[in-house]
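Undergrad: Here you go, sequence then predicted model.
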Amino acid sequence: MEVFYFLVFGGLSMVVAALELSKNSKDRVSTSSAFNSFKNNYLVVYSLMMAGDWLQGPYVYFLYSQYGFDKGDIGRLFIAGFGSSMLFGTIVGSLADKQGRKRACITYCITYILSCMTKHSPQYKVLMVGRILGGIATSLLFSAFESWLVAEHNKRSFDPQWLSLTFSKAIFLGNGLVAIVSGLFANLLTDNLGFGPVAPFDAAACFLAIGMAIIMSSWTENFGDPSENKDLLSQFKVAANAIASDEKIALLGAIQSLFEGSMYTFVFLWTPALSPNEEEIPHGFIFATFMLSSMLGSSIASRLMARQNLKVESYMQVVFAVSSFTLLLPVISGFFFGSKGERGGSMSFGGCVQMMGFCVFEACVGLFWPSIMKMRSQYIPEEARSTIMNFFRIPLNIFVCVVLYNVNAFPITVMFGMCSIFLFMAAILQRRLMVVAEAHKSKSQDWTAMREREGEDEPLTA
């Protein structure tokens with residue numbers, strides 16, 4: 001069965017390499033040297049930030065268990081992280097728009113470094129503080145950096161289409177290659193070199209410090225709304241009014257919450273799905289395979305977004321529909337194949353089928369990130385970008401907290417079936433978003449044409 005894992009990983013590696021090496025002029029966008037310098041600077045920083053995040057993932061649960069905490073205690077720590085992201089996320093997002101995105105990015109680095117430092121303590125209260133700090137940092141990671149990039153890109157008058165290039169490369173590197181290397185590096189530090197499960201967190205703090213130094217030395221500040229007369233509550237009102245008054249923004253928020261909620265639920269469920277009878281599976285290698293699948297998706301996304309005649313709103317309907325089917329596979333597999341594995345044995349045939357489906361789902365995740373970033377850059381107003389993006393994360397964090405709290409209350413097939421339904425709903429809402437966006441664009445074009453005709457009809461005066 002070990003051959004199966006190598007075949008899947010090797011096959012995906014060859015496909016990703018072939019896609020990257022076979023790009024032609026249609027797949028590449030001609031840019032300027034100034035933009036390339038700007039893009040490369042952001043990619044270095046973003047990769048360092050994601051390395052600081054990915055290094056912690058493989059060993060956080062293991063570290064807590066080594067300190068003697070049971071599943072319930074660890075679950076409450078995770079809930080604290082998502083809860084703090086929900087409660088404080090909108091506040092820090094609004095402050096990023098008001099006080100500056102560069103400052104917010106630096107705050108992310110400091111907050112996450114402090115969170116890493118708490119991992120040295122076996123005290124539950126200290127670890128709880130670390131999870132709360134980590135939740136705040138996560139909100140900044142997924143809002144402040146993107147907001148800074150979009151504002152800076154527009155401020156420097158770069159072609160709007162080039163933004164898609166930066167998004168796809170950031171996901172290819174930060175959510176793909178860096179994730180794989182970080183997992184292997186964390187394993188090297190902990191197991192091969194014997195530094196223990198705290199070592200990856202120390203390494204993460206180092207990468208975050210390096211990234212912070214680059215931000216402080218090379219980034220300029222930008223704001224959402226720099227006016228002095230708007231307090232925090234006013235920022236919230238601006239964001240809430242934008243969501244309530246523009247159906248496109250509301251639809252985008254619902255789509256993001258449905259997909260990311262299902263994605264984070266998948267993170268907790270894929271291990272018991274592939275080893276329902278505690279079969280022996282290589283978790284680290286499977287994680288690397290999933291990340292390679294995500295790289296494949298981001299590579300495909302870069303090709304799709306390079307086509308000027310292909311709309312993101314169009315192909316994302318297919319992505320959501322396919323992802324819905326892939327998370328239905330555990331239900332189908334359980335019905336046809338049952339649970340035939342044995343404790344300590346190899347992955348069952350049903351597990352292999354599910355793993356292939358999960359790889360497709362991760363490819364959809366790779367497609368999702370740069371595509372949703374592109375749509376957010378189009379529809380979310382600049383003056384409250386970070387605030388609105390963190391508003392989107394409120395239902396997501398509520399959903400994940402509920403799932404974590406009730407993870408043992410429902411069969412795993414029910415949880416996957418629920419996620420599949422949510423993803424299908426996202427496909428329907430994506431269709432609605434495309435219709436609304438096209439109707440809005442058509443009205444704008446009609447209004448412009450009417451104004452031009454009125455201007456031509458006005459009589460000339462002496």
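TA: Received the coordinates, thanks.
Undergrad: tally of neighbours for the nearest residue to Ala170 once chain neighbours are set aside?
TA: Nearest residue to Ala170, sequence neighbours excluded (C-beta to C-beta, 6 or more residues apart in numbering): Tyr46, at 5.0 Å. (Each C-beta comes from the backbone N, C-alpha and C, glycine too.) Counted with other C-beta atoms under 10 Å, residues neighbouring Tyr46 total 24.
Undergrad: pLDDT weak spots in the protein?
TA: Across the chain, the ranges flagged by pLDDT under 70 are 1, 24-29, 71, 224-233, 235, 278, 284, 337-346, 407-408, 442-462.
Undergrad: tell me the centre residue of it?
TA: A centroid search over the chain (C-alpha atoms, centre = their mean) returns Trp369, at 5.6 Å, as the residue closest to the centre.
Undergrad: how much space between Pro276 and Tyr46?
TA: Distance, Pro276 to Tyr46, using C-beta to C-beta, to the nearest Å: 37 Å.
Undergrad: Hmm, I typed the wrong one, I wanted Arg385.
TA: Distance from Arg385 to Tyr46, counting by C-beta to C-beta: 17 Å.
Undergrad: In terms of secondary structure, what does the helix or strand hosting Cys401 contact?
TA: Assigned by DSSP states H and E, Cys401 belongs to helix 385-405. With contacts defined as 3 or more C-beta pairs under 8 Å, 6 or more residues apart in numbering; DSSP states H and E, helix 385-405 has these neighbours: helix 71-99, helix 144-155, helix 232-245, helix 247-274.
Undergrad: can you rerun that using 10 Å?
TA: In this structure, helix 385-405 packs against helix 71-99, helix 101-117, helix 124-141, helix 144-155, helix 232-245, helix 247-274, helix 349-379, helix 412-457, with contacts taken as 3 or more C-beta pairs under 10 Å, 6 or more residues apart in numbering; DSSP states H and E.
Undergrad: how big is the angle separating the first one from helix 232-245?
TA: With axes from the mean of the first three to the mean of the last three C-alpha atoms, to 10 degrees as the basis, helix 71-99 and helix 232-245 are set at 100 degrees to each other.
Undergrad: just to revisit the earlier point, tell me if I'm right that the residue nearest to the centre of the chain and Phe167 touch.
TA: Yes - the pair Trp369 / Phe167 is scored as a contact, 7.5 Å apart, by C-beta atoms under 10 Å.
Undergrad: who touches both of the two?
TA: Here Trp369 and Phe167 share the contacting residues Ser298, Ala301, scored by C-beta atoms under 10 Å, 6 or more residues apart in numbering.
Undergrad: Need the nearest residue in space to the residue nearest to the centre of the chain, chain neighbours excluded.
TA: Ile171 (4.4 Å).
Undergrad: any idea which helix or strand carries the one you found?
TA: Element membership for Ile171 (DSSP H and E) is helix 162-172.
Undergrad: Tell me which residues of the helix or strand that comes right after that helix come out buried.
TA: The helix or strand immediately downstream of helix 162-172 is helix 178-187, counting by DSSP H and E. Across helix 178-187, burial judged by 16 or more other C-beta atoms under 10 Å covers Val178, Ala179, Ile180, Val181, Ser182, Gly183, Phe185, Ala186, Asn187.
Undergrad: List the contacts of helix 178-187.
TA: Surrounding helix 178-187, the residues in contact under the criterion C-beta under 10 Å, 6+ apart are 46-59, 172-173, 192-193, 197, 199-201, 203-204, 207, 283-285, 287-292, 294-295.
Undergrad: Of those residues, keep whichever come out buried.
TA: By neighbour count, with 16+ other C-beta under 10 Å, those hold 46-59, 172-173, 197, 199-201, 203-204, 207, 285, 287-292, 294-295 as buried.
Undergrad: List the ones among those that fall in helices.
TA: Among these, the members falling in helices are 46-54, 57-59, 172, 199-201, 203-204, 207, 285, 287-292, 294-295 (criterion: DSSP state H).
Undergrad: Can you check the distance spanned by stretch 243-252, start to finish?
TA: 9 Å (C-alpha to C-alpha, to the nearest Å).
Undergrad: what does that stretch contact?
TA: Residues contacting stretch 243-252 (C-beta under 10 Å, 6+ apart): 239, 242, 253, 313, 372, 375-376, 378-381, 384, 388-389, 391-392, 426, 429-437, 439-440.
Undergrad: okay if I get the helices and strands packed on helix 385-405 as a markdown table plus distance to Ser30?
TA: Shown next, in a markdown table, are the helices and strands packed on helix 385-405 (distance: least, C-beta to C-beta, whole Å):
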| stretch | distance to Ser30 |
| --- | --- |
| helix 71-99 | 33 |
| helix 101-117 | 28 |
| helix 124-141 | 31 |
| helix 144-155 | 17 |
| helix 232-245 | 34 |
| helix 247-274 | 29 |
| helix 349-379 | 19 |
| helix 412-457 | 26 |
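Undergrad: Of these, which is nearest Tyr42?
TA: With C-beta to C-beta as the measure, helix 144-155 is the member of the helices and strands packed on helix 385-405 nearest Tyr42 (5.8 Å).
Undergrad: what's the distance between that closest one and the middle of its chain?
TA: Centroid separation between helix 144-155 and its chain, computed with C-alpha atoms, centre = their mean, to the nearest Å, is 17 Å.
Undergrad: Same question for stretch 374-387.
TA: 16 Å.
Undergrad: C-alpha coordinates for that stretch, PDB please?
TA: In PDB, the C-alpha atoms belonging to stretch 374-387 read as follows (Å, rounded to 0.1, in the frame of the first residue of the first chain):
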ATOM      1  CA  LYS A 374      -9.500  38.500  -7.200                       C
ATOM      2  CA  MET A 375     -13.300  38.800  -6.600                       C
ATOM      3  CA  ARG A 376     -12.700  40.600  -3.300                       C
ATOM      4  CA  SER A 377     -10.400  43.100  -5.000                       C
ATOM      5  CA  GLN A 378     -13.200  43.800  -7.500                       C
ATOM      6  CA  TYR A 379     -16.200  44.100  -5.200                       C
ATOM      7  CA  ILE A 380     -15.100  45.200  -1.700                       C
ATOM      8  CA  PRO A 381     -14.700  49.000  -1.300                       C
ATOM      9  CA  GLU A 382     -11.200  50.100  -0.400                       C
ATOM     10  CA  GLU A 383     -12.200  52.300   2.600                       C
ATOM     11  CA  ALA A 384     -13.300  49.400   4.700                       C
ATOM     12  CA  ARG A 385     -11.600  46.400   3.000                       C
ATOM     13  CA  SER A 386     -10.000  44.800   6.100                       C
ATOM     14  CA  THR A 387     -13.100  45.400   8.200                       C
END
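Undergrad: Much appreciated, bye for now.
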